[in-house]
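In: below are the sequence and a predicted model for it; my questions follow.
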Amino acid sequence: MSRLDEIMKRTENFRYDRFGMFIHWGIYSIPARGEWVRSRENITIEDYQKFFDEFNPTEYDPKQWAKTAKHAGMRYAVLTTKHHDGFCLFDSKLTDYKATNTPIKKDLIREYVDAFRAEGLKVGFYYSLLDWHHPDYPKYGDRCHPMRENEAYKDEKINFDNYVEYMHGQVKELLTNYGKIDIIWFDFSYEEMSGEKWQAEKLVKMVRELQPDIIIDNRLDGHNSLIEGNPTIYSGDFASPEQFIPANGVTDKLGNSLPWEACVTMNDHWGYASQDNNFKDAKQIIRKLVECVSKGGNLLMNVGPDAKGRIPKPSVDILNEVGNWMHDNHKSIYGCSIAELPKPEWGYYTQNGNKLYLHLFENPMGPLAVLMPRHIKSVRFIADGSERLSKRPWFAGSIGEDRLFLDVGKLDQWPNNPIDTVYEVELEG
């Protein structure tokens with residue numbers, strides 16, 4: 001079996017699920033200026049310590065998080081176990097810089113895992129390869145470290161191997177102590193900090209040994225060998241475009257379609273930012289989810305809980321709207337991928353086997369005429385399952401019999417339909 005065949009087999013469930021929740025949460029929720037606040041503002045470890053000392057999210061309720069994700073139609077979640085600032089939400093034996101040593105005194109990852117499993121959702125861990133708290137992580141001159149311009153660290157001697165051993169040890173803890181884990185999301189490689197700098201081959205071999213069915217993102221590899229068509233052992237199982245949807249999905253240079261997942265913020269920050277109210281609405285999220293699926297990809301939509309442990313109300317309200325649409329239309333998302341027809345001007349197609357889904361974003365002028373690749377067995381309005389007969393109008397002229405003529409009417413005839421009205425066409429063969 002080729003490396004690509006292995007990837008496609010391993011990601012089969014991932015490619016069925018299509019929609020997940022990303023969760024960025026940590027002590028940076030207290031300053032509430034995003035997860036990169038320490039780097040952007042060059043905050044020292046000493047000044048950042050007050051947020052560790054204050055961290056007490058007494059309203060943390062992962063059961064409610066899981067219910068929100070499930071209602072939205074999400075089928076998996078990925079939570080930051082450790083972000084770039086080095087703070088751990090889990091009870092690592094390798095550091096004191098962890099949630100169990102803050103006023104909350106809890107292993108917050110344990111509660112997350114149990115809550116999401118109870119709702120039948122797949123469980124993923126985000127783990128940052130960077131660590132601005134560890135003494136043996138490069139500081140002065142590094143692209144990202146908060147002390148990158150601080151002359152006091154210019155001649156500091158560090159032992160990076162100590163950090164790599166620490167990092168590998170924490171990954172081992174995460175993949176040993178919490179049962180079956182479905183996704184490990186490493187973030188991220190840059191410049192010389194990539195690939196074997198992380199001892200990536202050794203790391204991935206350990207990951208595969210501990211969790212044989214787990215899938216891994218592509219960010220250990222800073223050279224995109226997955227897309228180059230010559231994947232290494234640490235190239236990952238899926239591409240992870242950030243804050244954009246590729247124009248034509250993701251393929252390697254040989255033209256093979258690859259698994260991919262667009263990770264996108266709901267507003268303009270990953271971590272909680274109290275002044276950022278630039279939220280995407282449900283209409284945009286639903287249509288972007290459809291676009292991802294139509295191009296063979298997933299959508300990982302982020303939420304950033306606040307310092308009390310609550311997903312912000314605007315995020316919850318938007319996800320509830322998304323869930324109302326997904327309740328009626330999930331068959332056009334789960335298990336679907338690129339259709340055998342090119343993108344239409346009025347929306348998108350998704351397809352699952354002989355089921356072709358027409359996603360209408362706007363009212364057509366008169367009957368919708370769609371060139372069908374095969375004979376049609378049935379046409380259904382997906383929201384209520386009602387039959388929609390296809391009759392060739394008298395004024396069709398010379399337009400061939402190989403077209404579906406669909407009398408759509410107004411798209412507001414059913415709740416949520418102005419966002420995306422979906423028809424299921426069952427094809428013969």
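Out: Okay, I see it. What you see is a predicted model, and the numbers here were worked out from it, not measured in a lab. Residues are numbered from 1 along each chain as shown.
In: shaky segments in the stretch 151-300 of the chain?
Out: Nowhere does the stretch 151-300 of the chain drop to pLDDT under 70.
In: tell me where it has strands.
Out: 183-187, 215-216, 261-265, 298-303 (DSSP state E, counting those that start in this stretch).
In: only alpha carbons, please: show the helix or strand harbouring residue 38 as PDB.
Out: Element membership for residue 38 (DSSP states H and E) is helix 37-40. Provided in PDB are the C-alpha atoms of helix 37-40 (Å, rounded to 0.1, in the frame of the first residue of the first chain):
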ATOM      1  CA  VAL A  37      -0.700  38.400  23.400                       C
ATOM      2  CA  ARG A  38       2.600  37.500  25.200                       C
ATOM      3  CA  SER A  39       4.500  37.500  21.900                       C
ATOM      4  CA  ARG A  40       2.900  40.600  20.400                       C
END
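In: so what's residue 357 closest to, chain neighbours aside?
Out: Nearest residue to residue 357, sequence neighbours excluded (Cβ to Cβ, 6 or more residues apart in numbering): residue 332, at 3.8 Å. The C-beta positions use only the backbone N, C-alpha and C, and glycine is treated the same way.
In: wait, the one you found touches residue 382, no?
Out: Yes - under the criterion of Cβ atoms under 8 Å, residue 332 makes contact with residue 382 at 6.2 Å.
In: and the two? which has more neighbours close in?
Out: Legend: neighbour count by other Cβ atoms under 10 Å for residue 332 and residue 382, higher for residue 332 (27 against 20).
In: which secondary structure state is assigned to residue 6?
Out: Three-state call for residue 6 (DSSP: H, G, I helix; E, B strand; the rest coil): helix.
In: and it, what does it touch?
Out: Residues in contact with residue 6 (Cβ atoms under 8 Å, 6 or more residues apart in numbering): none are found.
In: let's go with 10 Å and repeat that
Out: If you count contacts by Cβ atoms under 10 Å, 6 or more residues apart in numbering, residue 6 has them with 231, 237.
In: report pLDDT for it.
Out: Listed pLDDT for residue 6 reads 96.
In: wait, residue 410 touches residue 363, no?
Out: Yes - assessed by Cβ atoms under 10 Å, residue 410 is found in contact with residue 363 at 6.5 Å.
In: domain ranges for the chain, per the record?
Out: Taking automatic domain parsing as the reference, the chain has its domains at 3-329, 347-427.
In: okay, those, which one's buried deepest?
Out: Most buried of the domains of the chain by mean neighbour count (mean count of other Cβ atoms under 10 Å) is domain 3-329; its value is a mean of 19.
In: how far does that one stretch from start to finish?
Out: One end of domain 3-329 to the other measures 34 Å (Cα to Cα, to the nearest Å).
In: distance to residue 339 added to the domains of the chain, as JSON lines?
Out: Output for the domains of the chain, formatted as JSON lines (distance: least, Cβ to Cβ, whole Å):
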{"stretch": "domain 3-329", "distance to residue 339": "7"}
{"stretch": "domain 347-427", "distance to residue 339": "4"}
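In: closest to residue 336 out of those domains?
Out: Proximity to residue 336, assessed across the domains of the chain by Cβ to Cβ, is greatest for domain 347-427 (3.9 Å).
In: tell me which element residue 51 falls in.
Out: Applying DSSP H and E, one finds residue 51 within helix 45-54.
In: what is that helix packed up against?
Out: Counting by 3 or more Cβ pairs under 10 Å, 6 or more residues apart in numbering; DSSP states H and E, the packing neighbours recorded for helix 45-54 are helix 37-40.
In: which residues in the stretch 151-300 of the chain form helices?
Out: For the stretch 151-300 of the chain, applying DSSP state H, counting those that start in this stretch gives helices covering 160-176, 200-210, 225-228, 282-294.
In: still on that earlier bit, now the helix holding residue 51: mean pLDDT?
Out: Helix 45-54 shows a mean pLDDT of 98 in the predicted model.
In: what angle sits between the next helix or strand after it and strand 298-303?
Out: Using DSSP H and E, the next helix or strand after helix 45-54 towards the C-terminus is helix 62-71. Per axes from the mean of the first three to the mean of the last three Cα atoms, to 10 degrees, the angle that helix 62-71 makes with strand 298-303 is 140 degrees.
In: show me how far helix 62-71 is from its chain's centre.
Out: 16 Å (Cα atoms, centre = their mean, to the nearest Å).
In: same question for stretch 189-202.
Out: Relative to its chain's centre, stretch 189-202 lies at 22 Å (Cα atoms, centre = their mean).
In: what about stretch 236-247, how long is it end to end?
Out: Terminal-residue distance, stretch 236-247 (Cα to Cα): 22 Å.
In: next one: stretch 342-353
Out: End-to-end distance for stretch 342-353: 16 Å, by Cα to Cα.
In: quick one: mean pLDDT for that stretch?
Out: Averaged across stretch 342-353, the pLDDT comes to 96.
In: now swap in stretch 79-89 and tell me
Out: Stretch 79-89 comes out at a mean pLDDT of 99.
In: okay, how far is it across it, tip to tip?
Out: The straight-line separation of the ends of stretch 79-89 (Cα to Cα) is 10 Å.
In: how about stretch 116-125?
Out: Stretch 116-125 stretches 12 Å from its first residue to its last (Cα to Cα).
In: and that stretch, how far from the chain's centre?
Out: Using Cα atoms, centre = their mean, the offset of stretch 116-125 from its chain centre is 14 Å.
In: hang on, isn't residue 381 packed against residue 411?
Out: No - in this structure, residue 381 is not within contact of residue 411 by Cβ under 10 Å, at 11.2 Å.
In: list the residues that contact both of these two?
Out: By Cβ under 10 Å, 6+ apart, the residues touching both residue 381 and residue 411 are 417, 421.
In: ok, back up a step: common neighbours of residue 332 and residue 382, please.
Out: Jointly contacting residue 332 and residue 382 under the rule Cβ under 10 Å, 6+ apart are 355, 357, 358, 359, 422, 423, 424.
In: ok, the second one to residue 379 distance?
Out: Counting by Cβ to Cβ, to the nearest Å, the gap between residue 357 and residue 379 amounts to 11 Å.
In: give the residues shared as contacts by the two.
Out: Going by Cβ under 10 Å, 6+ apart, residues that sit against residue 357 and also against residue 379 are 423, 424, 425.
In: can I get those residues in a markdown table including secondary structure and distance to residue 344?
Out: Converted to a markdown table, the shared contacts of residue 357 and residue 379 look like this (DSSP: H, G, I helix; E, B strand; the rest coil; distance: Cβ to Cβ, whole Å):
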| residue | secondary structure | distance to residue 344 |
| --- | --- | --- |
| 423 | strand | 12 |
| 424 | strand | 16 |
| 425 | strand | 13 |
